[in-house]
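Colleague: pasting the sequence and the predicted coordinates here, then a few questions.
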Amino acid sequence: MTITINIYYTGENGSARRFAEEMVEGGIVGRIRAEKGNLRYEYFLPMDDPETVLLIDSWENQEAIDAHHASPMMGEILALREKYDLRMKVERYVDDADGIPSKDAAFIRE
């Protein structure tokens, strides 16, 4: 059961973007992507909100997320969140085991 978490990091004066840049440039993102069970870890910039960065973070299962949260790397991430004084909004999604219903698939162009 794949679990995807969307985290909206919001700050002031570009701090959310600087946070994401430091996560990438400091190698933390690469280390997270290398963790067992990580399927996706990518930042996106909403076009209508320059003070927010969206992280899409996907894992194979809850056990992989728990291992990530228990890793020493979480201390580094928490310190950066504090450094940039970020607020967060979190959404959590569990993939549908049956895939995309045929009624919805008709609207998808591949």
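Modeller: Thanks, I have it.
Colleague: residue contacts, Phe44?
Modeller: Under the criterion of CB atoms under 8 Å, 6 or more residues apart in numbering, the contact list for Phe44 reads 53-56. For the C-beta atoms, the positions are set from N, CA and C on the backbone; glycine is no exception.
Colleague: what are the boundaries of the strands in this protein?
Modeller: Listed in chain order, the strands found in the chain under DSSP state E are 3-10, 38-44, 52-59, 87-94.
Colleague: give the buried residues for the second one.
Modeller: Put plainly, it is strand 38-44. Applying a neighbour-count criterion of 16 or more other CB atoms under 10 Å, the buried positions in strand 38-44 are 38, 41, 43.
Colleague: export these to a markdown table and tack on distance to Glu91?
Modeller: As requested, these are arranged in a markdown table below (distance: CB to CB, whole Å):
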| residue | distance to Glu91 |
| --- | --- |
| Asn38 | 18 |
| Tyr41 | 16 |
| Tyr43 | 15 |
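Colleague: closest one to Glu60 out of these, please.
Modeller: Top of the list for closeness to Glu60, among the buried residues of strand 38-44 and by CB to CB, is Asn38 at 7.9 Å.
Colleague: thinking the closest one is in contact with Trp59, fair?
Modeller: Yes. The pair Asn38 and Trp59 passes the contact test of CB atoms under 8 Å, sitting 6.0 Å apart.
Colleague: mutual contacts of the two, please.
Modeller: His68.
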